[in-house]
Each structure stands twice: as structure tokens, then as C-alpha cells.
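Participant: Predicted model follows, preceded by the sequence.
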Amino acid sequence: MRIRRPFDAHLHLRDGGMLRAVLPSTASHCAGALVMPNLVPPVTTRASAQAYRARILEALPPGASFEPQLTAYLTDGIDPDEVVAGFEAGDWLAAKLYPAHATTNSAHGVTDVRRIDPVLAAMAEAGMTLCVHGEVTRPDVDIFDREAAFLDEILAPMLQRHPTLRVVVEHATTKAAADFVLQGEERVAMSITAHHLWWNRNALFQGGLRPHAYCLPVLKRERDREALVAAATSGHPRVFFGSDSAPHLVHRKETDCGCAGVFSAPTAVPAVAALFAAHGALDRLEGFLSLHGPAWYGLAPSDETLGLDAVPWSPDVQIDTVEGPVRIFLGGDELAWRAAP
Ligand code: DOR
Ligand code: ZN
């Protein structure tokens, strides 16, 4: 089958040698992506977003057509005027809320969402989307409950304080998140990764401890995965693909305190196709991968297409970067569908 080229609504491209190593994988399948701002230092100014976009474009393989959309990294002190001016000028398409210390490079994130109420008010006024990493960070909340607690304690009150703010629950991992979005207001959407559709939390302990299945928000129960699959394959326009492909060097994952992140750029699109095929939902695949995300953000869908075939293949185990190898999601396994650009 052929579909319009996908839009990855949540992607970590990093910088430097890592950017050059991972970008071709996404660009070979996707027409564009919403690129996360958790660099070191984070993308908090229009100038840093413009410079990062230029580095991404420069790292593209010759002839690739790929449109990066950037995000602003919200901090306690960020200036609302800078955020909105960057949106209106096209420097970034959305802003990302990382609760401080929730995940990789979130140390500069927001310590209390009420501190950014003026920014959220300005974004609502401008029609700009807030992308949330939806996890509370309080140590008394169990790690598997952090997303559900965020929805109740942080997101619901925030939506009440800002009645027109548009929000995407990024990398949704729970039935609670799926229910929140599907039963909620039209101004709330969700992105879902390939790995949260594929694995439940048993994958973290399959025959031993599996650092390459560790990501944040952490994998959840089978009933959560089933709710995510149901949401993704439902054809609902406020549910779309965001890979959260997040490369980390093998030695930074296979260690005492391993990094969170699954590098899925080479396999996420064919894995989603295989999953939709297994659920008899191929008629909804293009909506999830290629149409709903752009529509949410007011972008045109790609006018180019990507081929997908039910031809089994075995993805490479890892890619090599100048800094070392990075493990690939489902690398070495057999995948029932392949992308044939
Ligand atoms: O698993 C994750 N990796 N979750 C995040 O929220 C961040 C990401 C990363 O940047 O490595
Ligand atoms: Zn992410």
C-alpha cells in the first residue's frame, strides 16, 4: 500500500554527530516532524531555534525532503512575548512543558505550572499548542501512576484555568490518558509511540533486565497498551503518531543508572503498519501516521507518498555514530512489514 508520507509529532534528533547519524532514518520515512527542544542547553530562545533548524537542514542527506518543526522549551522564567513571537514567525510550532526533573535534560523545566500561567495565557490567545510531558515528579507517587496523577492534579486544573489552550498529551502510555483525551474536549489531543503500542511493561524484564526498553513515561500494563492500540486504530482525529525516538549511546543505557529512551526512527513506521495490519485497521493507518498530526497543527499533509509492504525483514541491531553505537527498537527481530520509500 502507499500512504502520504508520515509526520512524526514527537522526535528527538539531538545535535552534532548524533543528529547526523539519526536524522536520515526519520527523513527516509517521514515528511516532517515536531522536534523536541531538550538539548544541552535547551532551545529556549528564537535565536537558538533558528540555529538548530539550520543545523538540522544541514544534516539532511542530499535530496531528502524533510521539514523540521521546532518546539520551545518552557522554563519558569521564559518570556511570554518570546514564545508567541517565535510561534508567529514560524521559529517554532509549539511549546513543550517538561516538569523539572521528569526526564532527560529536564533540569531547566518548569518547577510549578502556575509559574508559567502568563505564558499559557499568551499561547492560548495565539492559538499555540502546549505539548506536555505528562508526569508528576513527586517521589511519593509510584512511577507507574505518574501519568494518571498528572492528568488529575496538573492537566485538568490547567485546562480549567486556560479554557481555550490547546494541549497535546505527548507519548500517552495509559488507559487513563486515552480516556482523558477521547472523552475530553476538542482542544486536547494525544500522540502515541510505536514502542508503547508494541510493548507492555513485561518487556522491561523479559528474561532479565532490559535497559533498551526503558523510556519515560515508563511502559505500562497490558490493559494500558490495549487501550492505546484501540485509540490509535480508532481513526480518531485527535490521536496521532509521535515516535519519541530518543537515541542514547549503548554504554549510557547499559550501565548502573541508564538513560531513558528508545531509538525507534528506523523501525517505528513499519512497526505501526504491522500492528495496524494485525488489528485489521490498515484503512486507518494513514490517518494515524500522516494526516491527524499535521491537521492538528494546521499543516498540510505531505503530497509525497511512502510505500509499505507485508514483506518480512530483520532490522539492524544498532546504528553506529561517531560517539558509539545506538540500539534500534526491534533491531534483530523479525518485522512483518517494511517501508519501501
Ligand atoms: O524516554 C524518554 N527519552 N522520554 C523522554 O521524555 C525524553 C527522552 C529523551 O530525550 O531521551
Ligand atoms: Zn520525548
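Facilitator: Thanks, I have the structure now. Numbering: from 1, shown residues only. Ligands and ions are numbered 1, 2, ... in the order given.

Participant: C-alpha only now, for contacts and for neighbours.
Facilitator: Will do.

Participant: where's the closest residue to residue 296 other than its chain neighbours relative to residue 151, distance?
Facilitator: Nearest residue to residue 296, sequence neighbours excluded (CA to CA, 6 or more residues apart in numbering): residue 238, at 7.2 Å. As judged by CA to CA, to the nearest Å, residue 238 and residue 151 stand 17 Å apart.

Participant: Write out the residues of the stretch 151-300 of the chain neighbouring ligand 1.
Facilitator: Within the stretch 151-300 of the chain, the positions lying close to ligand 1 (CA under 6 Å from any ligand atom) are 215-216, 246, 260-261.

Participant: Reformat those as CSV; add neighbour count.
Facilitator: CSV is the format used below for these (neighbours: other CA atoms under 10 Å):
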residue, neighbour count
215, 22
216, 20
246, 22
260, 20
261, 23
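
Participant: before we move on, back to that, separation between the residue nearest to residue 296 and ligand 1?
Facilitator: From residue 238 across to ligand 1, the span is 21 Å (CA to the nearest ligand atom, to the nearest Å).

Participant: Dump the C-alpha coordinates for stretch 121-138 into CSV.
Facilitator: The C-alpha trace of stretch 121-138 is given here as CSV (Å, rounded to 0.1, in the frame of the first residue of the first chain):
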residue,chain,number,x,y,z
ALA,A,121,-2.5,32.5,28.6
ALA,A,122,-0.5,34.1,25.8
MET,A,123,-0.2,30.8,24.0
ALA,A,124,-4.0,30.2,24.3
GLU,A,125,-4.6,33.7,22.9
ALA,A,126,-2.3,33.0,19.9
GLY,A,127,-3.7,29.5,19.3
MET,A,128,-0.4,27.9,20.0
THR,A,129,-0.3,24.2,21.2
LEU,A,130,1.2,23.2,24.5
CYS,A,131,2.9,19.8,24.3
VAL,A,132,3.1,18.2,27.8
HIS,A,133,5.3,15.5,29.2
GLY,A,134,2.5,14.4,31.5
GLU,A,135,4.1,13.0,34.6
VAL,A,136,4.2,14.3,38.1
THR,A,137,7.6,14.1,39.7
ARG,A,138,6.7,13.8,43.4
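
Participant: buried ones in it?
Facilitator: Neighbour-count burial for stretch 121-138 flags 121-124, 127-137 (criterion: 16 or more other CA atoms under 10 Å).

Participant: what about that stretch, near ligand 1?
Facilitator: No - interface with ligand 1: stretch 121-138 contributes nothing (CA under 6 Å from any ligand atom), its closest point being 6.5 Å away.

Participant: shift numbering so it begins at 7
Facilitator: From this message on, residue numbering opens at 7, which makes the last subject stretch 127-144.

Participant: Need phi/psi at the residue lying farthest from the centre of the chain.
Facilitator: Going by CA atoms, centre = their mean, the residue of the chain most distant from its centre is residue 213, 27.9 Å out. Residue 213 adopts backbone torsions of phi 80, psi 0, taken as degrees, to the nearest 10.

Participant: Name all residues that make contact with the residue of the stretch 107-256 of the chain found nearest ligand 1.
Facilitator: Using CA to the nearest ligand atom, residue 221 is the residue of the stretch 107-256 of the chain that sits closest to ligand 1, at 3.4 Å. Remark: with contacts taken as CA atoms under 8 Å, 6 or more residues apart in numbering, residue 221 is in contact with 265-268.

Participant: swap in residue 121?
Facilitator: Contacts of residue 121 by CA under 8 Å, 6+ apart are residue 82.

Participant: Run a quick neighbour tally on the nearest residue to residue 255 once chain neighbours are set aside.
Facilitator: Distance criterion CA to CA, 6+ apart; nearest residue to residue 255, sequence neighbours excluded, is residue 332 at 4.9 Å. Counted with other CA atoms under 10 Å, residues neighbouring residue 332 total 25.

Participant: Helix, strand, or coil at residue 332?
Facilitator: strand (DSSP: H, G, I helix; E, B strand; the rest coil).
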